[in-house]
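In: need a structure here:
(2 chains)
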Amino acid sequence: SAVISQKPSRDICQRGTSLTIQCQVDSQVTMMFWYRQQPGQSLTLIATANQGSEATYESGFVIDKFPISRPNLTFSTLTVSNMSPEDSSIYLCSVESGRDQETQYFGPGTRLLVL
Amino acid sequence: AQSVAQPEDQVNVAEGNPLTVKCTYSVSGNPYLFWYVQYPNRGLQFLLKYITGDNLVKGSYGFEAEFNKSQTSFHLKKPSALVSDSALYFCAVRDMWGSNYQLIWGAGTKLIIKP
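Out: Residues are numbered from 1 along each chain as shown, chains lettered A, B, ... in the order given. Model (predicted):
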């Protein structure tokens, strides 16, 4: 399985500012995913990021609000732009691994609080 | 439409007793089924999966799950619960042969093991 790290692990931000979350994987992976999770609740997929192409966003998420970079096969960033208190959440990155790329493995998450 | 149901928001079990966390699913094709665990203030950890073959799959930390095609269920089980098993458990399904191969997540079940 892949080992995934995220930075920062947590942050407290002021409304109107932006935060960039980094996701680093210890091996080359094709697909990376960004999720949002309210504490104690289920996961919501924000977007899928393939290296060398534009990220694919899910309904309700737009590139202007959540720009994503995927410069290589081991790294991705998610930016939360023009933040509001409603953006307070846990942000998780994940990658597909396994023989058939069927299993997703997750980073430790970034806890974001917007004041 | 694909869906996953975890009918219990919370399951309480005494330490040493067997535990079951329920999951039922609905997919149009062949399901790939997964269980993940999330400890407090941590990311999601992969526990086990069913792809094909033996309906009883074994995973990490002594957990196992049984795939039941007729009942479209994939319940998570452990013969003897530990206090350290207390966490949030998520069931997820993927239709690997469908047009949308994203992971579909259940709402999560909070497992509380009492000493």
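
In: Who are the contact partners of A:I12?
Out: With contact set as Cβ atoms under 8 Å, 6 or more residues apart in numbering or on different chains, A:I12 has these partners: A:113-115. All C-beta spots, glycine's among them, are computed from the backbone N, C-alpha and C.

In: ditto for A:N72
Out: Each residue near A:N72 by Cβ under 8 Å, 6+ apart is listed here: A:Q51.

In: Now, of the contacts of A:I12, which are buried?
Out: Buried residues within the contacts of A:I12, counting neighbours by 16 or more other Cβ atoms under 10 Å in any protein chain shown: A:V114.

In: nearest to chain B, of the contacts of A:I12?
Out: Chain B lies nearest to A:L113 out of the contacts of A:I12, by Cβ to the nearest Cβ, at 13.4 Å.

In: and the closest one, what are its bridge partners?
Out: Listed beta-bridge partners, A:L113: A:I12 (assigned using DSSP bridges).

In: I'd assumed A:C13 was in contact with it.
Out: Yes. The criterion here is Cβ atoms under 8 Å, and A:L113 meets it with A:C13 at 7.2 Å.

In: quick one, what contacts A:C13?
Out: Here A:C13 is in contact with A:19, A:83, A:112-115 (Cβ under 8 Å, 6+ apart).

In: how near is B:N12 to A:S81?
Out: Per Cβ to Cβ, to the nearest Å, B:N12 is found 42 Å from A:S81.

In: Looking at these two, which one has more neighbours?
Out: Comparing B:N12 with A:S81 by other Cβ atoms under 10 Å in any protein chain shown, the one with more neighbours is A:S81, at 16 against 12.

In: If we ignore the residues flanking it in sequence, what's nearest the more buried one?
Out: Excluding the flanking residues, the one nearest A:S81 by Cβ to Cβ, 6 or more residues apart in numbering or on different chains is A:S18, at 4.6 Å.

In: coming back round to it: next, format the contacts of A:C13 as a markdown table and append pLDDT.
Out: Shown next, in a markdown table, are the contacts of A:C13 (pLDDT from 0 to 100):
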| residue | pLDDT |
| --- | --- |
| A:L19 | 98 |
| A:M83 | 97 |
| A:L112 | 97 |
| A:L113 | 97 |
| A:V114 | 97 |
| A:L115 | 96 |
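
In: quick one, helices of chain A?
Out: Here chain A has no helices by DSSP state H.
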